[in-house]
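[1] Below are the sequence and a predicted model for it; my questions follow.
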Amino acid sequence: MNAFEAFLQATRPEVDACLQRWLPPAERDELAAALQHVVFSGGKRFRPALVLLAAEHVGGRRADAVPAAAAVELTHAYSLVHDDLPCMDDALLRRGRPCAHVVWGEATGVLAGDALQALAFEVLAHETPPARPVAAMVAALARAAGWSGLVGGQAEDLRGEGQAPELERVRRIHAGKTAAMISVSLRLGALAGGADTGRAEDLAASGLELGLAFQIVDDLLDVRSTTAELGKAAGADAAAAKLTWPAAVGEEAAERDARSLLDGALRRAGDGPGRARFAALGEWLLPRA
């Protein structure tokens with residue numbers, strides 16, 4: 001286990017405890033059961049770990065960044081619920097379990113996603129220490145999750161299905177649907193850790209490159225892995241004629257691009273207490289492909 005994997009394991013209980021405080025108990029009703037099902041379905045908590053890593057990297061306290069980490073995870077969870085709906089990617093499995101809409105119906109799936117998105121901002125606004133720039137953090141998360149980030153990238157992803165995989169278009173899609181949320185994870189962590197705007201901007205730029213590399217690896221996994229290994233349908237990108245990085249440049253070139261982006265992300269992150277963990281992150285990510 002490398003240093004980043006150890007960090008994932010060490011930080012997960014902190015984030016999970018915050019999430020559990022805010023979520024309703026599963027026995028309350030179907031919506032509450034769906035929320036618990038989605039949030040506690042075995043995800044890696046990768047984005048929350050980035051929030052906490054960035055806070056430590058700028059010399060801050062991890063505890064101050066836990067609300068932002070939970071907010072990022074709730075936003076990510078909502079996006080997965082909606083992404084799996086029949087009107088989107090029409091998926092049946094997520095993390096090896098039936099999707100929320102499969103278990104409780106499409107309407108509850110939509111409402112569960114809505115509830116998770118709203119809860120993300122409630123947690124961020126309510127629990128972030130008042131000495132931190134809460135308004136700026138809320139605005140940053142909203143921007144990353146909205147039409148210019150996650151949602152816009154998903155819309156472009158849907159529009160691109162069946163079209164020629166031109167690299168710059170693939171880059172725009174990946175920058176929106178994946179990298180925007182990874183970038184804001186590092187930005188929020190830096191701000192929660194007490195960094196100034198310039199330092200937070202550097203880490204956000206690092207996150208954009210990291211996010212592109214992460215999505216390239218995800219594209220490669222879809223080609224090379226089995227459904228059992230992925231916990232969702234393998235080959236789904238090809239089946240839906242998605243615009244992916246390997247489709248645009250080939251698998252070997254995609255691997256090289258992922259490595260180059262990871263190297264760039266590490267340079268942009270700069271020096272700090274978390275530098276060794278940033279390096280270990282790349283060592284953990286690339287072999288997965």
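    Everything's here; your move.
[2] how many other residues sit next to the nearest residue to residue 270 once chain neighbours are set aside?
    In this structure, residue 270 finds its nearest non-sequential neighbour in residue 202, 6.1 Å apart by CB to CB, 6 or more residues apart in numbering. Glycine gets a C-beta too; all of them are placed from N, C-alpha and C. Number of residues near residue 202 (other CB atoms under 10 Å) recorded here: 18.
[3] now do residue 110
    Residue 110: 16 neighbours (other CB under 10 Å).
[4] same deal with residue 118?
    By the criterion of other CB under 10 Å, residue 118 has 12 neighbours.
[5] again, but for residue 252
    The number of residues near residue 252, taken as other CB under 10 Å, comes to 9.
[6] what about it, which helix or strand?
    Element membership of residue 252, judged by DSSP states H and E, is helix 251-269.
[7] Contacts for that helix next, please.
    Contacts to helix 251-269, defined as CB atoms under 8 Å, 6 or more residues apart in numbering, come from residues 57, 186, 202-203, 205-207, 209-210, 212-213, 216-217, 219-220, 223-224, 245-246, 249, 275, 278-279, 281-282, 285-286, 289.
[8] chain center to that helix, what's the gap?
    The chain centroid and the centroid of helix 251-269 are separated by 18 Å under CA atoms, centre = their mean, to the nearest Å.
[9] buried set for it?
    Neighbour counts over helix 251-269 (16 or more other CB atoms under 10 Å) mark 254-255, 257-258, 261-262, 264-266, 268-269 as buried.
[10] Which one of those is nearest to residue 194?
    Minimum distance to residue 194 across these is 16.6 Å, recorded for residue 269 (CB to CB).
[11] Give me the pLDDT for the closest one.
    For residue 269, the pLDDT comes out at 96.
[12] ok, back up a step: avg pLDDT for the following helix or strand past the helix holding residue 252?
    In the C-terminal direction, the helix or strand that comes right after helix 251-269 (DSSP H and E) is helix 275-285. When pLDDT is averaged over helix 275-285, the result is 94.
[13] Quick one: work out the angle between helix 275-285 and helix 251-269.
    Using axes from the mean of the first three to the mean of the last three CA atoms, to 10 degrees, the direction of helix 275-285 lies 170 degrees away from that of helix 251-269.
[14] so what secondary structure elements neighbour helix 275-285?
    helix 3-22, helix 46-57, helix 197-224, helix 251-269 (3 or more CB pairs under 8 Å, 6 or more residues apart in numbering; DSSP states H and E).
[15] possible to save those as TSV with distance to residue 112?
    Compiled in TSV, the helices and strands packed on helix 275-285 are given as follows (distance: least, CB to CB, whole Å):
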stretch	distance to residue 112
helix 3-22	14
helix 46-57	19
helix 197-224	23
helix 251-269	32
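[16] ranking those by burial, who's on top?
    Mean neighbour count, computed with mean count of other CB atoms under 10 Å, is highest for helix 46-57 among these, reaching a mean of 28.
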